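Asks: Build me a model:
(chains A and B)
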Amino acid sequence: MSIFLDKNSKVIVQGITGREGGFHTQRMLAYGTKIVGGVTPGKGGTRIESGQPVFDTVKDAVEATGATHSIIFVPPFAGADALWEAHDAGIKLAVCITEGIPAHDMLRVVNTTAGMRIIGGNCPGIISPGKSLVGIMPAHVFKEGNVGMISRSGTLTYEIVDGLTRAGFGQSTCVGIGGDPIIGTTFVDCLRAFAGDPETTAIVVAGEIGGSDEEDAAAFIKDHIADKPVVAFIGGRSAPEGKRLGHAGAIISGNTGTPESKVKAFGAAGVPVADRPSEIPRLLAERLKLVPA
Amino acid sequence: MKLMEYQGKELFRRVGIPTPNGVFATTADDVRTYIAAHPGSWVLKSQVLMGGRGKAGGIKFADDAQQGETLARELIGKTLKSVQNPAGEQVKSLLVEEKVDIASEAYVSIAIDRAARKPVVLVTAQGGMDVEEVAEHDPDAIKKYWIDPASGYSPFIGRLLAFAAKLPDGYRKAFPSILGALYTLFMDYGANLVEINPLVLTKDGRVIASDAKVDLDDNGLYKHPDIAAWNKAAPADEDQAAAVAIGLGMSNYAKLDGTIGVIANGAGLGMGTMDAIRNAGGAAANFLDIGGGAQAELVKKSYNLVTSDPKVKAMFINIFGGITRGDQVAKGIVEALAGDDVRKVPLVVRLTGTNAEEGRAILDRAGFVPVETMDEGAARAVALANGSN
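Replies: Reported below is the predicted structural model:
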């Protein structure tokens, strides 16, 4: 098992004939993802070189293919529109790769799209190793296994996963939730899903400064996850207050979003916080020994 | 994008929030001319983004044109320093405003609540001071309301909050419409934060925004080219201006206090690299996220931007090659730094992922120090910055 995504999930690509969309469609197909088609308004009725049909609207695509998942590669100004179109067409899970969507657009989207899970925006997507990739992650660093991984960043996720894979810890599902202030799926949403996934036996949470998603995650772990060891990492602990570092969400303002608050919250939940990504496999191994077989 | 007070008040006026009479001035002569034409008591307010402006001596009172000119000369060009901003900020302009007779001061703001994923309104009758202080000493005095963006604002929300926060009676009539206007500004201009502190009730019964704090979402600025142009004309943040000038995103570069330059692909990895440097006993001189698919030209421009800071004694380039191939990145680095027009500092490059071995070989031949792990790279960079090999 895995969360949110398995080998039978039918996926469409919004923006399939664009440069990014086209490139990543081929990578996802190569990984084995069931890409059943894509959407580019005005190019309906055609096919991309590898044979997948292109539709004018998400509605047409869903009706023709039965797709439940969508991955979105559109410019920032069209991000909210693409998500609303996916919701309208009955898509159940939309991965929004687009970086730079206005926070107020996302504010309106997340409050008006009940019934559809949104991952991102500004995220690397989701991968259930060995099964399916709906994202832009470099697939070769991932390996099928039992560690659930959630992260607010892209390349830092690869860094951590690379370490896990080298240490022999494969992954059940990795979700890059995105670095923006308003995102569709939070750490808590992912933790709840991992808690119910029998194949996931341990969890890595890679957070960063800013917001309170890590504190919320810690509180959830404390109350709801007793049988699966969790290890955390917090990026940007050396960042000064008030500086926005790349991710729109990664900013310490006043007393919120500080690394101290996050470390303390994880500590209270019995979750060790690695000082550096390279420590995560060792901490995980230690915690797994604590769990009786 | 944080706006100066005078810019925030320009937006206030657009949506119909009352502001004091006054004028924006960049020279002492402007101040004298204005006060001479409008006799009375005036406040000279330094236009800076930093907090603690009043305590730093950035606000002065003038009763005639001569005094106004003298005080303006004193303020313009002065560097204000405060606890919040020890490095200081230079005053380049002033807002000259009527001195109002204050009966009461309230506080109102709207911000994005990330966890609730809704706009949250904060109101307290204890205006004129730092709201975080109020939150600490008298948290019950702050009343909150989460507005559903799907249904929007309705005046009952303003009434509800005014009664709950026990705003003096004089506010009652004006407050719901002022909050409605503030919500319009918040939504229409895509603000992270709009704050009126204080919202003044004058002795003659007017309710006016005495200060304005507006922080707009950079990602939404494209919808308001006129406001984006304000920033271009007078960039409030030099780091952002520098990033945009070389083709990076506005928030992909930030100058810090250390001695080790950082270039990484990805914001998370960039922050992780800063942390790794601190773990190794050093401090990063900057954060720089070069983004995906590093091009040689951007590597070079980024390198030059980082090394333009004289504090930088060594550089750590940390690349996790995913889709990007390591050998191409390495070639880019070697080509980019071959010219004589770059300031040479000891350089450590960490390359991993796709084609990393080929990449490291290219770097090795060119005389750079390739390393395999982030921790190793950070340790080498710290040693190099400290002058050892």
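Asks: now the helices for the stretch 51-200 of chain B?
Replies: Taking DSSP state H, counting those that start in this stretch to define them, one finds helices in the stretch 51-200 of chain B at B:65-75, B:131-137, B:155-164, B:175-188.
Asks: what's the least confident stretch among those helices?
Replies: By mean pLDDT, the lowest-scoring of those turns out to be helix B:131-137, with a mean of 86.
Asks: Run through the neighbouring helices and strands of that one.
Replies: Where contact means 3 or more CB pairs under 8 Å, 6 or more residues apart in numbering or on different chains; DSSP states H and E, helix B:131-137 is packed against strand B:102-113, strand B:118-124. Quick note: C-beta positions are derived from backbone N, CA and C, even for glycine.
Asks: Minimum distance to chain A: which of those has it?
Replies: Relative to chain A, the nearest member of the helices and strands packed on helix B:131-137 by CB to the nearest CB is strand B:102-113, separated by 6.1 Å.
Asks: got the contact list for the residue of the stretch 251-389 of chain B at minimum distance from chain A?
Replies: Per CB to the nearest CB, residue B:268 is where the stretch 251-389 of chain B lies closest to chain A, at 2.2 Å. The neighbours of residue B:268, taking CB atoms under 8 Å, 6 or more residues apart in numbering or on different chains as the test, are A:151-157, A:179, A:206, A:208, A:235, A:246-247.
Asks: hmm, back to that, of all the helices and strands packed on helix B:131-137, which gets the most neighbours per residue?
Replies: strand B:118-124 (a mean of 22; mean count of other CB atoms under 10 Å in any protein chain shown).
Asks: ok and it relative to helix B:175-188, angle-wise?
Replies: Orientation of strand B:118-124 against helix B:175-188 (axes from the mean of the first three to the mean of the last three CA atoms, to 10 degrees) gives an angle of 140 degrees.
Asks: List the contacts of the residue of chain A found nearest chain B.
Replies: The minimum distance from chain A to chain B, using CB to the nearest CB, falls at residue A:153 (2.2 Å). Residue A:153 sits next to A:176, A:179, A:206, A:208, A:235, A:247, B:266, B:267, B:268, B:269, B:271 when contact means CB under 8 Å, 6+ apart.
Asks: repeat that with 7 Å
Replies: A:179, A:206, A:208, A:235, B:266, B:267, B:268 (CB atoms under 7 Å, 6 or more residues apart in numbering or on different chains).
Asks: what's the answer for residue A:113, then?
Replies: Contacts of residue A:113 (CB under 7 Å, 6+ apart): A:83, A:84, A:87.
Asks: In a helix, the second one, correct?
Replies: Yes. When the secondary structure is assigned by DSSP: H, G, I helix; E, B strand; the rest coil, residue A:84 falls within a helix.
Asks: neighbours of it, just the number please.
Replies: By other CB atoms under 10 Å in any protein chain shown, the residues close to residue A:84 number 17.
Asks: same deal with the first one?
Replies: Residues lying near residue A:83 (other CB under 10 Å) number 31.
Asks: Could you count how many residues lie near the residue nearest to it when sequence neighbours are not counted?
Replies: Closest residue to residue A:83 apart from its sequence neighbours, by CB to CB, 6 or more residues apart in numbering or on different chains: residue A:109 at 4.9 Å. Neighbour count of residue A:109, defined by other CB under 10 Å: 26.
Asks: how about residue A:109, what does it touch?
Replies: A:80, A:83, A:84.
Asks: Look up phi and psi at the residue lying closest to residue A:117 once chain neighbours are set aside.
Replies: Spatial nearest neighbour of residue A:117, excluding adjacent residues (CB to CB, 6+ apart): residue A:93 at 4.6 Å. Dihedral pair for residue A:93: phi -140, psi 120, per degrees, to the nearest 10.
Asks: give me the beta-bridge partners of residue A:93?
Replies: residue A:69, residue A:117 (DSSP bridges).
Asks: any idea of the pLDDT on it?
Replies: Looking at residue A:93, its pLDDT is 98.
Asks: That one and residue A:71 touch, don't they?
Replies: No. Residue A:93 is beyond contact range of residue A:71, at 9.4 Å (criterion: CB atoms under 7 Å).
Asks: So for the two, which sits in the more crowded spot?
Replies: Neighbours per residue (other CB under 10 Å) separate residue A:93 from residue A:71, with residue A:71 holding more: 31 against 21.
Asks: buried residues in whichever strand or helix holds the more buried one?
Replies: Assigned by DSSP states H and E, residue A:71 belongs to strand A:69-72. Within strand A:69-72, the residues scored as buried using 16 or more other CB atoms under 10 Å in any protein chain shown are A:69, A:70, A:71, A:72.
Asks: was I right about the third one contacting residue A:95?
Replies: Yes. The pair formed by residue A:71 and residue A:95 meets the contact definition of CB under 7 Å, at 4.5 Å.
Asks: Need the residues touching each of these two.
Replies: A:125, A:134.
Asks: Not counting its neighbours along the chain, what's nearest the closest residue to chain A within the stretch 1-150 of chain B?
Replies: Of all residues in the stretch 1-150 of chain B, residue B:114 sits closest to chain A, at 4.7 Å by CB to the nearest CB. Using CB to CB, 6+ apart and skipping residues adjacent in sequence, the residue nearest residue B:114 is residue A:211, 4.7 Å away.
Asks: any idea how far that neighbour lies from residue A:152?
Replies: 9 Å (CB to CB, to the nearest Å).
Asks: Please say which of those two ends up with more neighbours.
Replies: It is residue A:152, of residue A:211 and residue A:152, that has more neighbours when counted by other CB under 10 Å, with 33 against 26.
Asks: Let me see the contact set for that one.
Replies: A:177, A:178, A:179, A:206, A:207, A:208, B:268.
Asks: Isn't the second one up against residue A:124?
Replies: Read that as residue A:178. No. Under the criterion of CB under 7 Å, residue A:178 is not in contact with residue A:124, lying 8.3 Å apart.
Asks: More neighbours: the two, which one.
Replies: residue A:178 (33 against 29).
Asks: secondary structure element for the more buried one?
Replies: Using DSSP H and E, no helix or strand contains residue A:178.
Asks: tell me the pLDDT at the closest residue in space to it that isn't next to it in sequence?
Replies: With CB to CB, 6+ apart as the criterion, residue A:178 has its nearest non-adjacent residue at 3.4 Å, and that residue is residue A:123. Here, the pLDDT recorded for residue A:123 equals 93.
Asks: Report how many residues lie close to residue A:123.
Replies: So residue A:123, with other CB under 10 Å, has 29 neighbours.
Asks: do the one 3 residues further on as well
Replies: Using other CB under 10 Å, the number of residues around residue A:126 comes to 29.
Asks: again, but for residue A:43
Replies: 15.
Asks: if we can go back for a sec, list the contacts of the residue nearest to residue A:117.
Replies: By CB under 7 Å, 6+ apart, the neighbours of residue A:93 are A:4, A:68, A:69, A:117.
Asks: Could you export those residues to TSV, including columns for pLDDT?
Replies: As requested, these are exported to TSV (pLDDT from 0 to 100):
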residue	pLDDT
A:4	95
A:68	98
A:69	98
A:117	98
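Asks: Got phi/psi on residue A:29?
Replies: phi -60, psi -40.
Asks: and what of residue A:28?
Replies: According to degrees, to the nearest 10, residue A:28 has phi -70, psi -40.
Asks: Next, the residue lying closest to it once chain neighbours are set aside: secondary structure please.
Replies: Once flanking residues are discounted, residue A:28 sits nearest to residue A:133: 5.2 Å by CB to CB, 6+ apart. Assigned by three-state DSSP, the conformation of residue A:133 is strand.
Asks: Get me the contact residues on the stretch 1-150 of chain A for chain B.
Replies: A:76-77, A:100-104, A:107-108, A:110-112, A:137-138 (CB under 7 Å from any CB of the partner chain).
Asks: low pLDDT regions in the stretch 201-350 of chain B?
Replies: B:232-236, B:293-295, B:322-324 (pLDDT under 70).
Asks: where does it come near chain A, residue by residue?
Replies: B:217, B:219-220, B:222, B:251-252, B:254, B:256, B:265-272, B:274-276, B:278-279, B:284, B:287, B:289, B:320, B:322-323.
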